[in-house]
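Peer 1: I'll drop the sequence and a predicted model, then ask my questions.
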Amino acid sequence: MGNITGGSVSYGRTMKTGDFENKRVDVTLDFRVEDGEAHNTIFQAAAKEAHTKAHAMLGIKPAAAQEAAIAKTETVVEPKADKAAAAAAMNKKEATETAKPDGRSKEAKAAKAKAKGEPVKTEGEDIGEEFDETSEASAPEITDADLQKANGDKVKVLAVKHGNGASKVIRELIATFVEPPKKSTDLPQNVRAEYLKKLAALE
């Protein structure tokens, strides 16, 4: 390939200016390549210049200028937070929540209970509940030994009908309360009374 000593580069751009109007610009630049110069570098410089000139004639801003304009419009200055006011608001909220753990006043609780048809408690009534002998809290504790004795007695009864499968029947009942391989002694205290009722009903 022979040496390139010169040439020309052209760039054209059409821009729509209206519904039925267009504006067209064509720029052609000639260039010479001196001895010792790289023709590719000269060509690229001429092409860039033609591109810039055409865009300038059409009023198109260079990409760098557009990016700078966008960055400027997107810059948001956030107002400084009033730390003292924020701390005061937080302390006030904590004090309110401490005074009213469930977030409701006594009047609001009474109104809600009345709307549901529930008896409205007055001050002092909660004390009587602590001595309710029929409540679950006052029920005697069911020990592991109690459970093991009840299971053993029931196995003997079930063995008449189920034979060696008596223990399996009891394990299946336990599985309705806790996941296998947990045993009856793993039952929470609040379900042990219910378990004993169902154990007694097994046949």
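Peer 2: Nice, thanks for sending it over. Numbering: from 1, shown residues only.
Peer 1: ok, now which ones touch residue 174?
Peer 2: 180, 182-184, 187, 195 (Cβ atoms under 8 Å, 6 or more residues apart in numbering). C-beta here means a position set from N, CA and C on the backbone, and glycine is covered the same way.
Peer 1: hmm, try it at 6 Å
Peer 2: residue 184 (Cβ atoms under 6 Å, 6 or more residues apart in numbering).
Peer 1: the one 3 residues further on now?
Peer 2: Taking Cβ under 6 Å, 6+ apart as the contact definition, residue 177 lies against 187, 191, 195.
Peer 1: buried subset of these?
Peer 2: 187, 195 (16 or more other Cβ atoms under 10 Å).
Peer 1: tabulate the contacts of residue 177 (CSV), appending secondary structure, distance to residue 27 and pLDDT.
Peer 2: As requested, those are exported to CSV (DSSP: H, G, I helix; E, B strand; the rest coil; distance: Cβ to Cβ, whole Å; pLDDT from 0 to 100):
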residue, secondary structure, distance to residue 27, pLDDT
187, coil, 90, 93
191, helix, 88, 93
195, helix, 93, 94
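Peer 1: what about residue 142, how many residues nearby?
Peer 2: If you count neighbours by other Cβ atoms under 10 Å, residue 142 ends up with 16.
Peer 1: any idea how far it lies from residue 175?
Peer 2: Look at residue 142 and residue 175: by Cβ to Cβ, to the nearest Å, they are 19 Å apart.
Peer 1: okay, how far is it across stretch 171-185, tip to tip?
Peer 2: One end of stretch 171-185 to the other measures 12 Å (Cα to Cα, to the nearest Å).
Peer 1: got the buried residues for it?
Peer 2: Residues of stretch 171-185 classed as buried under the neighbour-count rule (16+ other Cβ under 10 Å) are 173-174, 177, 184.
Peer 1: also stretch 5-22?
Peer 2: Neighbour counts over stretch 5-22 (16+ other Cβ under 10 Å) mark 9, 11 as buried.
Peer 1: pull the CA atoms of it into PDB?
Peer 2: Once non-C-alpha atoms are left out, stretch 5-22 reads as follows in PDB (Å, rounded to 0.1, in the frame of the first residue of the first chain):
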ATOM      1  CA  THR A   5      -0.300  12.100   1.600                       C
ATOM      2  CA  GLY A   6      -3.700  13.700   2.000                       C
ATOM      3  CA  GLY A   7      -7.500  13.400   1.600                       C
ATOM      4  CA  SER A   8     -10.900  14.700   2.700                       C
ATOM      5  CA  VAL A   9     -13.500  13.700   5.200                       C
ATOM      6  CA  SER A  10     -17.200  14.500   5.100                       C
ATOM      7  CA  TYR A  11     -19.900  14.500   7.800                       C
ATOM      8  CA  GLY A  12     -23.600  15.100   7.300                       C
ATOM      9  CA  ARG A  13     -26.400  15.400   9.800                       C
ATOM     10  CA  THR A  14     -30.200  16.000   9.400                       C
ATOM     11  CA  MET A  15     -32.200  17.400  12.300                       C
ATOM     12  CA  LYS A  16     -36.000  17.600  12.500                       C
ATOM     13  CA  THR A  17     -37.100  21.200  13.200                       C
ATOM     14  CA  GLY A  18     -40.900  20.800  12.800                       C
ATOM     15  CA  ASP A  19     -43.600  18.400  11.800                       C
ATOM     16  CA  PHE A  20     -42.700  18.800   8.100                       C
ATOM     17  CA  GLU A  21     -39.400  20.600   8.400                       C
ATOM     18  CA  ASN A  22     -35.800  19.300   8.500                       C
END
